[in-house]
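> coordinates for the following, if possible.
(one chain, ligands or ions: 2)
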Amino acid sequence: MTEAQADPDGPGARRPALRFGDRSLTYGELAATASPLAARVAEAGRIAVWATPTLETAVAVVAALLAGVPAVPLNPKSGESELGHIVSDSAPTLVLAAPGTQLPPALDALERVDITVAADIDTDADIDVRGTGSATPATGTPSTGTPATTEPPCLTPETPALIVYTSGTTGPPKGAVIPRRAIATTLDALADAWQWTGDDVLVHGLPLFHVHGLILGILGPLRRGGSVRHLGRFETAGVTRELSEGATMLFGVPTMYHRIAETLPDDPALAKALARARLLVSGSAALPVHDHERIAQATGRRVIERYGMTETLMNTSVRADGEPRAGTVGVPLPGVELRLTEEDGTTVVEAYDGETVGEIQVRGPNLFTEYLNRPEATATAFTEDGWFRTGDMAVRDPDGYVRIVGRKATDLIKSGGYKIGAGEIENALLEHPGVREAAVTGEPDADLGERIVAWIVPTDPQSPPSVDELADHVARRLAPHKRPRVVHHINALPRNDMGKIMKRALSHD
Ligand code: MCA
Ligand code: AMP
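Ligands and ions are numbered 1, 2, ... in the order given. So this is what the prediction gives:
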């Protein structure tokens, strides 16, 4: 946010900042709404945010950033054991939620604070949100404090801003501690790559408890002094409406672009709306070339891909002024060092030949600090000289474009852009009385990228649990997007001499 926008009497304060359906806030209103909330939570050690796709979630996260208090965004569809884990691991003192929202018992022990977005807000309030409407001051010099806010704590670029939970191959999700400096630098690097300015109006329907929807999709526009229109839930009709009414950019996961590609042949208004956009950006998983080409053919516009990770924020992107080559994630962003390494994790692959595969490792100010309460996991995630091991396998074209060709761990599944660990689903399935043994794999899915497949040895082969029962069981414990979409009943899991399950022997046909 610029000083002009922060000045309550200036024209900037009246610029639109956030819109969710028919509810919206200008920069002045956002400041006036978030500042008292920031004052309210300033003493909290860490706060949880019940991250529904609403205006309230955006206000809560801005308030947490103003206060310098780390926020843990919670998936409002989290099941009981996943939520229980996140709450006990991150130990927030209070939970911010929209008024009237029913919270699950796992949050009973937390003090609840309602996120109040008044209908008529006094935008003449004497507040100063310089550098914080952006919500992510690079240097850690936020609000100077006013009657509406308390004096902020001593913030540094290393102060944790968000703790975002992300799945690994085994065990429950880990909390990635994301400092203010990572958010500021990643958003500024994207501004450079995408020529992203305060004139841009972003539209998206992404969830607000992950990096993509929250950091890129909400904090990104605010840092530029532009605006975002959130769809509440993704629908192609909403994309058509917003891009026809002034929105300039669209962010989505490949599943959303797949649904757009499927809809385009029968929806000329959607094609026209997409053709007007300045930038269509895809990320969180690989965009299939087929969908890329179908969209290009119908709209004359090419989707550009960027590559990131919860732990690293954004690493590479096709640039707005670069060639939008299908199947690639572009070049390293400014400030990001990227290398490929051989199997040993340290021998560097020098080739730029479009053929030699290596693991992507990255280093730079965009990286997270640590996994909360997991020093060993943090240590193994980095090489001795500070490179983060992404686990993504890639090749580089002669001009430096990166092509992701796979993942090191077969036990990580990307479904709908969500990362899901096979191990966490297997553990949940094993808690079902009808399951004796379980293995989980991902198989290709045109819509979701990959779908979750459960291989079950039933306790009673005469009455094995149904796919619906197991899906409900996993959705209730973990989250609906982690539910198996296919269940195979088998007599025994294929194991090697050591007793280890040989997942590659589980056939998908
Ligand atoms: C279905 N539902 C159920 C069950 N079955 N609920 C409970 N129990 C069940 N058995 C409900 C769901 O809750 C949901 O409800 C609806 O049915 C459909 O669910 P689902 O099948 O999951 O939805 P979908 O339509 O297939 O979702 C596709 C999607 C979604 C919209 C593309 O996958 C999505 O939002 N993906 C975004 C993921 C993302 O943001 N990833 C970023 C992380 P309801 O209809 O009420 O919703 S990666 C990241 O951040 C890095 C840094 C990066 O690079 O970006
Ligand atoms: P998450 O852990 O949910 O933040 O997901 C990060 C992972 O998503 C990365 O390690 C990649 O495997 C994948 N990913 C993100 N963006 C892309 C992309 N544009 N193309 C391919 N994979 C991607």
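> mind listing what residue 78 touches?
86, 478, 479 (Cβ atoms under 8 Å, 6 or more residues apart in numbering). To be clear about C-beta, it is placed using only N, CA and C from the backbone, and glycine gets the same treatment.
> pLDDT wise, what is it at?
Per-residue confidence (pLDDT) for residue 78: 97.
> quick one: the helices in the stretch 251-400 of the chain, in order.
Using DSSP state H, counting those that start in this stretch, the helices assigned to the stretch 251-400 of the chain run over residues 254-263, 268-276, 289-299, 375-381.
> the chain too?
Counting by DSSP state H, the chain forms helices over residues 3-6, 27-41, 55-67, 80-90, 180-194, 220-224, 236-244, 254-263, 268-276, 289-299, 375-381, 422-430, 467-477, given from the N-terminal end onward.
> and the fourth one, what does it pack against?
Right, the one you point to is helix 80-90. When contacts are defined as 3 or more Cβ pairs under 8 Å, 6 or more residues apart in numbering; DSSP states H and E, helix 80-90 sits against strand 71-74, strand 174-179, helix 467-477.
> orientation of it relative to helix 422-430 in degrees?
What separates the directions of helix 80-90 and helix 422-430 is an angle of 130 degrees, with axes from the mean of the first three to the mean of the last three Cα atoms, to 10 degrees.
> mind listing what's buried along helix 80-90?
Residues 81, 82, 83, 84, 85, 86, 87, 89, 90 are the ones in helix 80-90 that count as buried (16 or more other Cβ atoms under 10 Å).
> near ligand 2 too, which of those residues?
Among those, no residue lies close to ligand 2 (Cβ under 6 Å from any ligand atom).
> format the residues you listed as CSV; extra columns: pLDDT.
As requested, these are exported to CSV (pLDDT from 0 to 100):
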residue, pLDDT
81, 94
82, 96
83, 97
84, 97
85, 97
86, 98
87, 98
89, 98
90, 98
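> for the stretch 201-350 of the chain, what spans make up the strands?
Using DSSP state E, counting those that start in this stretch, the strands assigned to the stretch 201-350 of the chain run over residues 201-204, 227-230, 249-252, 279-282, 304-309, 313-317, 331-332, 337-341, 348-349.
> one step back: Throw the helices of the chain into a markdown table and include distance to residue 204, thanks.
Converted to a markdown table, the helices of the chain look like this (distance: least, Cβ to Cβ, whole Å):
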| stretch | distance to residue 204 |
| --- | --- |
| helix 3-6 | 22 |
| helix 27-41 | 18 |
| helix 55-67 | 12 |
| helix 80-90 | 24 |
| helix 180-194 | 14 |
| helix 220-224 | 10 |
| helix 236-244 | 9 |
| helix 254-263 | 9 |
| helix 268-276 | 14 |
| helix 289-299 | 16 |
| helix 375-381 | 29 |
| helix 422-430 | 27 |
| helix 467-477 | 24 |
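> and the ones you listed, which one is worst for confidence?
Averaged per stretch, pLDDT over those is lowest on helix 3-6, reaching a mean of 53.
> count residues in the vicinity of residue 434, would you?
Counted with other Cβ atoms under 10 Å, the neighbours of residue 434 add up to 16.
> tell me what residue 95 is bridged to.
With DSSP bridges applied, residue 95 shows beta-bridge pairing to residue 48, residue 112.
> next up, the contacts around it.
Contacts for residue 95 were tallied using Cβ under 8 Å, 6+ apart; they are 47, 48, 49, 50, 74, 103, 107, 110, 111, 112, 113.
> one more time with 10 Å
Under the criterion of Cβ atoms under 10 Å, 6 or more residues apart in numbering, the contact partners of residue 95 comprise 47-50, 60, 72, 74, 87, 101, 103, 107-113.
> cool, and residue 63?
By Cβ under 10 Å, 6+ apart, the contact list for residue 63 reads 30, 33-42, 47, 49, 69, 71, 96, 113, 115, 132, 135, 149.
> and for residue 339?
For residue 339, the residues meeting the contact criterion (Cβ under 10 Å, 6+ apart) are 332, 348-350, 358-363, 383, 387, 396.
> contact residues of the stretch 51-200 of the chain facing ligand 2?
Counting by Cβ under 6 Å from any ligand atom, the stretch 51-200 of the chain sits next to ligand 2 at residue 166.
> adding distance to residue 435, write the buried residues of helix 80-90 out as CSV.
Rendered in CSV, the data for the buried residues of helix 80-90 read as follows (distance: Cβ to Cβ, whole Å):
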residue, distance to residue 435
81, 15
82, 18
83, 22
84, 21
85, 20
86, 24
87, 26
89, 26
90, 30
